[in-house]
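1. only geometry, no sequence info:
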């Protein structure tokens, strides 16, 4: 059996990256969602909660025992060092769980492992060095903004701030081995067709 192909899948917020992940999973890929793993570390009882409380104080932990995401979001936008401290807590934990899930998927014989990593390009060589190909779900910024406003019920200004904190569109595309456009005018069926072509080219 040939070794599994390791794909790093990324895209800006609202690009449809999770939709592409689901389509690849339907074709037999094992999807390892770094964002979902990260959220689990800051959920009630999550492995990052004690260190977050110690570093930032109990005010950043909600009554339910989870990270107060709204308060943390506001803090990191105002203080770049806060983001760095938070990432220093969460990233090692995410890395450990990612490795565990990857080993499990390889043992199960999946032909393709898809690492769904929102900040793959921002992470520099750390992720690029561990995958065979980088796939980018591309989208025009206005469509991203509209999707996130609808999905998350956030004010436009806040969504624009989130986009500004991510890699520029051109930088993501420059890092792509494969780009899947999912912006204005692209239907779900059209996206599925593009994913099918790309996956088939890699034997999935």
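-> Structure received. Bear in mind that the values here come from a model prediction, so they are computed numbers and not experimental data.

2. for residue 162, list the residues it contacts.
-> Residues near residue 162 by C-beta atoms under 8 Å, 6 or more residues apart in numbering: 13, 148. The way it works is simple: take the backbone N, C-alpha and C, and place the C-beta from them, glycine included.

3. give me the element it is part of.
-> Applying DSSP states H and E as the criterion places residue 162 in helix 156-165.

4. not counting the next helix or strand after that helix itself, show me its contacts.
-> Next along the chain after helix 156-165, taking DSSP H and E as the criterion, comes helix 169-175. Outside of helix 169-175, the residues within contact range by C-beta under 8 Å, 6+ apart are 10-12, 120-121, 128, 134, 136, 138, 140-141, 179.

5. and if we set it to 10 Å?
-> Helix 169-175 is contacted from outside by 8, 10-12, 15, 120-122, 127-128, 134, 136-141, 144, 163, 166-168, 179, 181, 183, using C-beta atoms under 10 Å, 6 or more residues apart in numbering.

6. name only those of those that count as buried.
-> Among the contacts of helix 169-175, the ones that count as buried by 16 or more other C-beta atoms under 10 Å are 8, 10-12, 15, 120-121, 127, 134, 136-139, 141, 144, 163, 166-167, 179, 181, 183.

7. how would you label residue 143: helix, strand or coil?
-> Following DSSP: H, G, I helix; E, B strand; the rest coil, residue 143 is assigned to helix.

8. which residues does residue 18 contact?
-> Contact analysis of residue 18 by C-beta under 10 Å, 6+ apart lists 9, 11, 31, 33, 35-36, 116, 118, 137.
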